[in-house]
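In: Structure of the sequence below:
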Amino acid sequence: MIQYNPKSWFSLIFDVYSRYVIRALFPLIMFAGVLTTVLCFLFIDVLHIVIVDTKAFHSILGVILGLFLVLRTNTAYDRWWEGRKLWGQLVNDCRQLAIKISTFVPEDAKEDRLFFKKMIPNVTFAMKHHLRNSRMVGEMDFYDEKCKDRIISSTHRPNIINKILMERVMDMNKRGLITADKLFILDKEIKGFTDIIGACERIKSTPIPYSYSMFIKKFLFIYCITLPMTFIGEFGYWSIILVVVAFYFLMSVELISEEIEDPFGRDINDLPLDELCVKIKKNIIEIFNNN
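Out: Sure thing, here's the model as predicted:
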């Protein structure tokens, strides 16, 4: 995720992200430029056809296209923002669980405290890699080989980690380290992890409906390839620049929407999951070490 100063106009206008967008859209921009050049050559130099003014028609299409793009960006941003709220809740739930464990469990129960100190951060790392379809485990700090084998061999690692945490909580209750009331409180915190990963999976596994995405792309394409007709009669070969600029801005909106509709990946505008996971781990270590 890009960190930036929203008040710095100059840096935003000339930011490197603009060059990233140009690279991503370069084949389409070239297509629009070449198409406009060919049409200009045919209508101006070869056929000598005076094109009837089509501005009114394209103005109407532009209004409709604007409505579609607003709906598109709003839908994508809603998914991005919901993902951010879920991970914000995950940060709070991990902190709360660590605080309650460090408070409930006596200091002489060092093995139990060490277990949660190592295993709670694994919830976030497992969620991150699960949402990215990754099987990496290098960032995790396992309590013992048994836990490591159970987690690595599992298909849904967040679920297994939650199960291991719950098993340990139940075991502490049986050993008399925590009361039934405290068990109920901790159960609620661990359940929150399952709710969060389920909500994140819902965002990831439910893309924008195919017909909706397909129709917007078709509308954009048709609008852009007919756009030269609006400019050729009045601006001649200058239409090439006008069409390319208009095409760039219209397609940029769609490109940004495609990026943020799946907020858990590694695109430049996706959520900073790596930083959040490291932050949570540092917070939990500090909570357990501050006695």
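
In: Show me which residues of the helix or strand containing R202 are buried.
Out: Here R202 is covered by helix 180-205, with elements defined by DSSP states H and E. By neighbour count with 16 or more other C-beta atoms under 10 Å, helix 180-205 contains the buried residues 182-183, 186, 189-190, 192-193, 196-197, 200-201, 203-204. C-betas here are computed from N, CA, C, even on glycine.

In: What about this protein, which residue is the most distant from its middle?
Out: H48 (50.3 Å; C-alpha atoms, centre = their mean).

In: Go through the buried residues of helix 180-205 and name the one nearest K281.
Out: K281 has its nearest neighbour among the buried residues of helix 180-205 in F193, at 15.1 Å by C-beta to C-beta.

In: what's the angle from whichever helix in the chain runs longest to helix 180-205?
Out: Ranked by residue count under DSSP state H, the longest helix found in the chain is helix 55-104. The directions of helix 55-104 and helix 180-205 differ by 160 degrees, with axes from the mean of the first three to the mean of the last three C-alpha atoms, to 10 degrees as the criterion.

In: what element comes up after helix 55-104 heading to the C-terminus?
Out: Next along from helix 55-104, by DSSP H and E: helix 110-131.

In: What residues of that following helix count as buried?
Out: Result for helix 110-131 [16+ other C-beta under 10 Å]: buried residues 112-113, 115-131.

In: so what secondary structure elements neighbour it?
Out: With contacts taken as 3 or more C-beta pairs under 8 Å, 6 or more residues apart in numbering; DSSP states H and E, helix 110-131 sits against helix 55-104, helix 145-152, helix 157-174, helix 180-205, helix 273-289.

In: Ok, which of the ones you listed comes nearest K218?
Out: helix 55-104 (10.6 Å).

In: who does the closest one touch, helix- and strand-wise?
Out: helix 110-131, helix 180-205, helix 210-226, helix 228-235, helix 239-260, helix 273-289.

In: distance between it and the chain's centre?
Out: On the basis of C-alpha atoms, centre = their mean, to the nearest Å, helix 55-104 sits 9 Å off its chain's mean C-alpha point.
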